[in-house]
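# pasting the sequence and the predicted model now:
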Amino acid sequence: MGLPVINLKMIITVHWLLTTWGCLYFWLPPPYIWSNYAVLAIGVWAIAQRDSVDALAMYLIGMVITILLDIIHIAVNYERVADIQIGGTARDQFRFSVGMAILSLLLKPVSCLFVYQMYKERGGDCNLNIGFPDLTRSRDRTSYQTIGEQEPHRPPSTSSETKITVPGY
């Protein structure tokens, strides 16, 4: 059973919305904002060039990197801001912002699976040869018929009347 088909536009729209909501209360540092929006810009490039494998590969790598960066940014900055006594609606806005940043972080691995599926559909092939043959299965190409196979070259036939003798060396 395969993964359902999810549109790349929908993935980028959801992550854009969650990143924007995560930044409503200014508690995350500017590198969080820059890294997430830069990866979303690469995703827009992947939408614009539908046949580009490179755009999807860069978007996928960027998503994996922002997963790690988001974990670090949220872990480091949450304690710093949560310890400050925030009152009233600002506290609610902070909680909402934290919730959306965490939800974005939780959805990124799922989005990576869908983007990887799109990468393979566009013809991308991820061959990582790290020494484990079970992890790097290549496609079965035994059923393919070769196109450019040529018959062996035969020298022109000579008639029995004409014999060419080649002196030995």
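Structure's in. What do you need? Residues are numbered from 1 along each chain as shown.
# so what's the gap between the strand or helix carrying residue 116 and the chain middle?
Using DSSP states H and E, the element containing residue 116 is helix 89-121. Its chain's average C-alpha position is 16 Å from that of helix 89-121, according to Cα atoms, centre = their mean, to the nearest Å.
# ditto for stretch 21-31
The chain centre lies 25 Å from the centre of stretch 21-31; the measure is Cα atoms, centre = their mean.
# show me what counts as buried in that stretch.
The neighbour-count check on stretch 21-31 (16 or more other Cβ atoms under 10 Å) flags 21-23, 25, 27-28 as buried. (Each C-beta comes from the backbone N, C-alpha and C, glycine too.)
# let me see the mean pLDDT of it.
Mean pLDDT, computed over stretch 21-31, is 91.
# what are the contacting residues of it?
32-33, 69, 73-74, 77-78, 81, 90, 93-94, 96-98, 100-101, 104 (Cβ atoms under 8 Å, 6 or more residues apart in numbering).
# and if we set it to 10 Å?
The contact list for stretch 21-31, computed with Cβ atoms under 10 Å, 6 or more residues apart in numbering, reads 19, 32-33, 36-37, 69-70, 72-74, 76-78, 80-82, 84, 86, 90-105.
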